[in-house]
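1. Sequence and predicted structure below; questions after.
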Amino acid sequence: VPEATFPVVDFLTATDFDYKTSSLYKSYSEYLESATFLDSVGFKSLPETINGRTAMVGFVAAFGAEIFGAGSFYSQLAAGSLPVFVFMALITAASIIPVVKGSNGDYMESLDDTFPKDLLIPEVELFHGRLAMIGITGLILIEGVKGSALF
């Protein structure tokens, strides 16, 4: 890993980032601290985990489908909107059910001792989810500039 990427990796894996100190937050703090905004977005870990899980699978599926000629991200989404919606609902349900059952999402306890638990730590999942969200955003931006599918 190139040494120049260390600050980016540190930021993407950070769990103690104080967004309230950023100049952008200070500019919009009145709106961002309103009850309506906080109730709708929340900046909580579970929504980020669910979005990250969906983005990881979505990025691999969209990028892979583009490689094999399925068209742009938006054309894939338009052609398969029902399966995408069902998949997102399944990911959401699978992420929420352990919390509803009272395990606080700690699924690692249920794995047996032969499974390499150090591969599935929450920080790695968070990092990969954030990378996938950036990847999907980049794919959409590149397609928007290019005006067609990436490949």
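-> Cool, the structure landed.

2. Could you report the separation of residue 94 from residue 49?
-> 11 Å (Cβ to Cβ, to the nearest Å). C-beta coordinates here come from the backbone N, C-alpha and C atoms, glycine included.

3. what's the answer for residue 13, then?
-> Residue 13 is 14 Å from residue 49, by Cβ to Cβ.

4. Which one of these two is surrounded by more residues?
-> residue 49 (18 against 12; other Cβ atoms under 10 Å).

5. Quick one: residues contacting the nearest residue to the more buried one once chain neighbours are set aside.
-> Among residues not flanking residue 49 along the chain, residue 95 sits closest, at 6.2 Å (Cβ to Cβ, 6 or more residues apart in numbering). For residue 95, the contact set (Cβ atoms under 8 Å, 6 or more residues apart in numbering) comprises 46, 49-50, 53, 105.

6. And the helices in this protein?
-> For the chain, applying DSSP state H gives helices covering 6-13, 23-27, 29-32, 35-40, 45-67, 73-79, 81-100, 122-146.

7. Surely residue 75 is in contact with residue 143?
-> No. Between residue 75 and residue 143 there is no contact under Cβ atoms under 8 Å: 9.5 Å.

8. Looking at these two, which is more packed in?
-> Comparing residue 75 with residue 143 by neighbour count (other Cβ under 10 Å), the higher total belongs to residue 143, at 18 against 15.

9. and the closest residue to that one other than its chain neighbours, how many neighbours does it have?
-> Excluding its sequence neighbours, the residue lying closest to residue 143 (Cβ to Cβ, 6+ apart) is residue 72, at 5.0 Å. Neighbour count for residue 72, taken as other Cβ under 10 Å: 22.

10. shouldn't residue 72 be in contact with residue 148?
-> Yes. Between residue 72 and residue 148 there is a contact at 6.4 Å, judged by Cβ under 8 Å.
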